[in-house]
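*Asks:* take a look and give me a structure for this.
(chains A and B)
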Amino acid sequence: MLEQIVYALGTVVIGVLACFTYFWGTNWLLDAFLASDEMGGARSVRRDTLRTRIRPWLFLAPALFFMGLYLAYPVVATLWLSFGDRTGSNFVGFSNYIWAFQDPNFLQSIGNNLLWLIIVPSAATAFGLLVAVLADRLWWGNIAKSMIFMPMAISFVGASVIWKFVYDYRGPDSAQIGVLNAIVQAFGGTPQAWITVPFWNNIFLMIILIWIQTGFAMVILSAALRGIPDETLEAARIDGASDIRIFFDIMIPQIFPTILVVWTTITITVLKVFDIVLAMTNGQWDTQVLANLMFDWMFRGGGDSGRSSTVAIVIMLAVLPIMVWNIRNANAEEVTR
Amino acid sequence: MTTTALADADTVHTPAKSSFFARIKWGRMAAHGALLFLVILWTFPTAGLLVSSLRDKDQLTISGWWTALVATDRSEVARLSTAIDQVAEDGSFHIRGAFFEPDAGRTIVSFGLSNNDLAAAKPGETLPMRDGGEITVMADGTYDWASSTELTHTRGPRVFYIAAIPPQFTLDNYIEVINSNGIGRSFINSFTVTIPATIIPILIAAFAAYALAWMNFPGRGVLVAVVVGMLVVPLQMSLIPLLRMYNGIANMTGGQSKTYLGIWLAHTGFGLPLAIYLLRNYMAGLPREIMESARVDGASHFHIFTTMVLPLSFPALASFAIFQFLWVWNDLLVATVFLGNTEQTLVLTGRLRELLGSRGDNWEILTSGAFISIIVPLIVFFSLQRYFVRGLLAGSVKGG
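*Replies:* Numbers count the residues shown, from 1 in each chain, chains lettered A, B, ... in the order given. The predicted structure is shown next:
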């Protein structure tokens, strides 16, 4: 066990040294082989331009290599594999896609994912906005924000344990140790095994992600709210606008672009969420989602690369519009820079 | 708060204005109340985990964690001694003893002589015994079975009682989970995965970010767009081809396909877009004059980067390091796929998931295991929250 840590630390040292040697070494080589100090005229100019042309690519090369190998190539390969059979060696055309849209599990995942996409981003954004607005007015707001932000640091699996304990169910005759059932019992209701009740169990899983993501929404929206000029708010107050009107007619429109950013970021998280479903139900009791289905097919019966690639492509297709929107925004900003 | 509000109200005399202040105060109260409610709602589940992990495991299963600070009642049974142990005093015979150690802090709530009649007598009261004489049980658990005739029973009768057990907090659950459930091993594994996977991408990304921020070359705009696009590529797209590639390499070289090196490089690849994006945004915001005057003085890009930009970018480097640390530490998907889930290689998240499946009802193990897995990110998070927030803001608001 200890040698493992030594191995890890050794890798850090070697990795950092290797990076440094590469960057320093290639720069040195470039300057040595294309030196222009003791030359004159056109040749020197040509060498100078060649150096400025090459240098950026030396800086970029390792990053491009890793992103190419670990992100760009797999995207193409996954697309290709989605047209292959379970071993990935025979071309089968669209049959995986046809399978998918006839598979009840897949269709259920699509339905559940839509539910997640509607509920989680809107709830997390709304709660985040509420906390941001409330906390900015109160003296202990920063402490409150820290507390609500805290779940961001907790892993999805850790959060699943925390919430599974909240939802815990004991038989109707014994004392309930899950908070939810204890509350239900205190109000005279019947305790339930919440995560096995179809449809509603989806909501109980979503609550976990909302719990985690609200902090994220809160931090971003709180910063945006502080960016609203004081004069604007002051002017509205002098005109006699109520707090509620200021909130809906001034704050929301002013920070609307930020709300969109928060919304889309959480949307992407939702599409990729898999840990929570895997840990809580593993897709049982009608809670399957695409990311978990993909994981399932990746290993089920030795793995089916065709079907799991197909599910991955469907997730990618859902992300694509947001990706395009992000790129367009970034380009617009690039122009103004 | 209250004093300023009152002072304001005192200085204002028109009736309309004072009702305005009265309204404000109500609004404030509501704001305090609503925020407090939300904070409690948000922290309650985590508090439950922490408190439960410290409770005695027998208490954990019979009472909710919110009762941890009050005594819990538990019904127990004890068998009294046989006639051999009786002592004769002043012409009567006694069997004396205690149901539990007097310093255990427990108290007797009630006792009885059969399982159905636990509440037959209160402490200090007396019940007749079938074998003769009568028994008195005191609140501290000591009893005195007194009889005027000599006792002859050969089989000790049973006494049933309800004991109030004081709150007990213990680290036993932690000791158990670390030693016998593999959490200790997984903790080391998580560190092994996380440290190199956090540090290695930083240098690679920093050079690339500098090139994208301060060097002019054809294709720069396209590369920036590619990085922004890659930020949102779902990991699910990468897993299958990479797994196949790793297996292929392992087959060719005869080595393992699931190695720490493999997962370090995978996390490096997956973390690079965010790293480059954050660092580039930050570096692009550094003052142009510094760069240009250094260029005029003949400093090379390499020199400017290492001596000026890298030190100046420390806040952004820290932001990314925290992000990557939390992300790698909390990751389950990449670890499961590239490291597998054998006993030797399970990281904390994987172990926790396995325990959820196999020991789903052993909350003393789950809660303490979960707390061990979240304590490291929580420490990082609370001590470096400033950088984390800065990174979040740079990552989402600026670029969109």
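*Asks:* helix, strand or coil: sort out the closest residue to chain A within the stretch 251-400 of chain B for me.
*Replies:* Nearest to chain A, among the residues of the stretch 251-400 of chain B, is B:G269, at 2.5 Å (CB to the nearest CB). All C-beta atoms are positioned from the backbone trio N, CA, C, and that covers glycine. Under DSSP: H, G, I helix; E, B strand; the rest coil, B:G269 falls in the helix class.
*Asks:* now for the closest residue to it other than its chain neighbours: which residues touch it?
*Replies:* Spatial nearest neighbour of B:G269, chain neighbours left out: A:Y70 (2.5 Å); criterion: CB to CB, 6 or more residues apart in numbering or on different chains. Shown in contact with A:Y70 (CB atoms under 8 Å, 6 or more residues apart in numbering or on different chains): B:238, B:242, B:265-266, B:268-270, B:272.
*Asks:* one step back: the residue of the stretch 251-400 of chain B closest to chain A contacts A:Y73, doesn't it?
*Replies:* No: counting by CB atoms under 8 Å, B:G269 sits too far from A:Y73 to count as a contact (10.0 Å).
*Asks:* which one of the two has more residues nearby?
*Replies:* Neighbours were counted for B:G269 and for A:Y73 using other CB atoms under 10 Å in any protein chain shown; B:G269 has more, 24 against 15.
*Asks:* where does chain A get nearest to chain B, residue-wise?
*Replies:* Taking CB to the nearest CB, chain A has A:Y70 as its residue nearest chain B, at 2.5 Å.
*Asks:* confirm that residue sits in a strand?
*Replies:* No: if the criterion is three-state DSSP, then A:Y70 is helix and not within a strand.
*Asks:* need the pLDDT of it.
*Replies:* On pLDDT, A:Y70 comes in at 92.
*Asks:* tell me the spacing between it and A:G88.
*Replies:* 19 Å (CB to CB, to the nearest Å).
*Asks:* equivalent analysis for A:A18, please.
*Replies:* A:A18 is 33 Å from A:G88, by CB to CB.
*Asks:* name the SS class of B:F111, please.
*Replies:* Applying three-state DSSP: B:F111 is strand.
*Asks:* skipping its backbone neighbours, what lies nearest it in space?
*Replies:* B:Y161 (3.7 Å).
*Asks:* also B:Q344?
*Replies:* Closest to B:Q344 by CB to CB, 6+ apart is B:R185, at 7.5 Å.
*Asks:* B:V389 now?
*Replies:* A:V219 (5.5 Å).
*Asks:* wasn't the one you found part of a helix?
*Replies:* Yes: according to three-state DSSP, A:V219 belongs to a helix.
*Asks:* quick one: it and B:A394 touch, right?
*Replies:* No: using CB under 8 Å, A:V219 is not in contact with B:A394; the gap is 11.8 Å.
*Asks:* what is the burial count for the residue nearest to B:F111?
*Replies:* Counted with other CB under 10 Å, B:Y161 comes out at 24.
*Asks:* which pLDDT value goes with it?
*Replies:* 85.
*Asks:* now do it against A:V219, distance only.
*Replies:* 55 Å.
*Asks:* does chain B have contacts with stretch A:191-199?
*Replies:* No: for a cut-off given as CB under 8 Å from any CB of the partner chain, stretch A:191-199 has no contacts with chain B; the smallest distance is 11.0 Å.
*Asks:* list the buried residues for that stretch?
*Replies:* By neighbour count with 16 or more other CB atoms under 10 Å in any protein chain shown, stretch A:191-199 contains the buried residues A:191-192, A:194-195.
*Asks:* stretch B:377-393 now?
*Replies:* B:377-378, B:380-381, B:384-385, B:387-393.
*Asks:* who touches that stretch?
*Replies:* A:146, A:149-150, A:152-155, A:216, A:219-220, A:223, B:278, B:315-316, B:318-320, B:322-323, B:325-326, B:329-330.
*Asks:* 6 Å instead?
*Replies:* A:153, A:219, A:223, B:318-319, B:322-323, B:326, B:329 (CB atoms under 6 Å, 6 or more residues apart in numbering or on different chains).
*Asks:* first vs last residue of it, how far apart are they?
*Replies:* Length of stretch B:377-393, first residue to last, CA to CA, to the nearest Å: 19 Å.
*Asks:* just stretch B:285-304 next, same as before
*Replies:* 15 Å.
*Asks:* is it positioned near chain A?
*Replies:* Yes: Stretch B:285-304 lies within reach of chain A by CB under 6 Å from any CB of the partner chain, at B:F302.
*Asks:* element containing the residue nearest to B:Q344, please.
*Replies:* B:R185 belongs to helix B:183-214 when assigned by DSSP states H and E.
*Asks:* who are the packing partners of that helix?
*Replies:* Secondary-structure packing of helix B:183-214 (3 or more CB pairs under 6 Å, 6 or more residues apart in numbering or on different chains; DSSP states H and E): helix A:2-33, helix A:41-67, helix B:260-284, helix B:314-330, helix B:348-358.
*Asks:* if we go to 7 Å?
*Replies:* If you count contacts as 3 or more CB pairs under 7 Å, 6 or more residues apart in numbering or on different chains; DSSP states H and E, helix B:183-214 packs onto helix A:2-33, helix A:41-67, helix B:220-230, helix B:260-284, helix B:314-330, helix B:348-358, helix B:363-383.
*Asks:* list the contacts of B:L355.
*Replies:* Neighbouring residues of B:L355 by CB atoms under 7 Å, 6 or more residues apart in numbering or on different chains: B:181, B:365-366, B:369.
*Asks:* about what we covered before: now the contacts of stretch B:377-393: which count as buried?
*Replies:* Applying 16+ other CB under 10 Å to those flags A:153, A:219, A:223, B:318-319, B:322-323, B:326, B:329 as buried.
*Asks:* name the nearest of the residues you listed relative to B:L50.
*Replies:* A:A153 (14.2 Å; CB to CB).
*Asks:* let me know the pLDDT of the closest residue in space to that closest one that isn't next to it in sequence.
*Replies:* Nearest residue to A:A153, sequence neighbours excluded (CB to CB, 6+ apart): B:F381, at 3.6 Å. On the pLDDT scale, B:F381 is placed at 87.
*Asks:* roughly how far does B:F381 sit from B:A71?
*Replies:* Counting by CB to CB, the gap from B:F381 to B:A71 is 35 Å.
*Asks:* now the contacts of stretch B:377-393 as a markdown table including distance to B:R288 and pLDDT?
*Replies:* Formatted as a markdown table, the entries for the contacts of stretch B:377-393 read as follows, by distance: CB to CB, whole Å; pLDDT from 0 to 100:
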| residue | distance to B:R288 | pLDDT |
| --- | --- | --- |
| A:A153 | 36 | 89 |
| A:V219 | 29 | 89 |
| A:A223 | 25 | 87 |
| B:A318 | 24 | 89 |
| B:S319 | 22 | 88 |
| B:I322 | 28 | 89 |
| B:F323 | 27 | 88 |
| B:L326 | 33 | 90 |
| B:W329 | 37 | 92 |
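*Asks:* name the nearest of those residues relative to B:G97.
*Replies:* A:A153 (52.6 Å).
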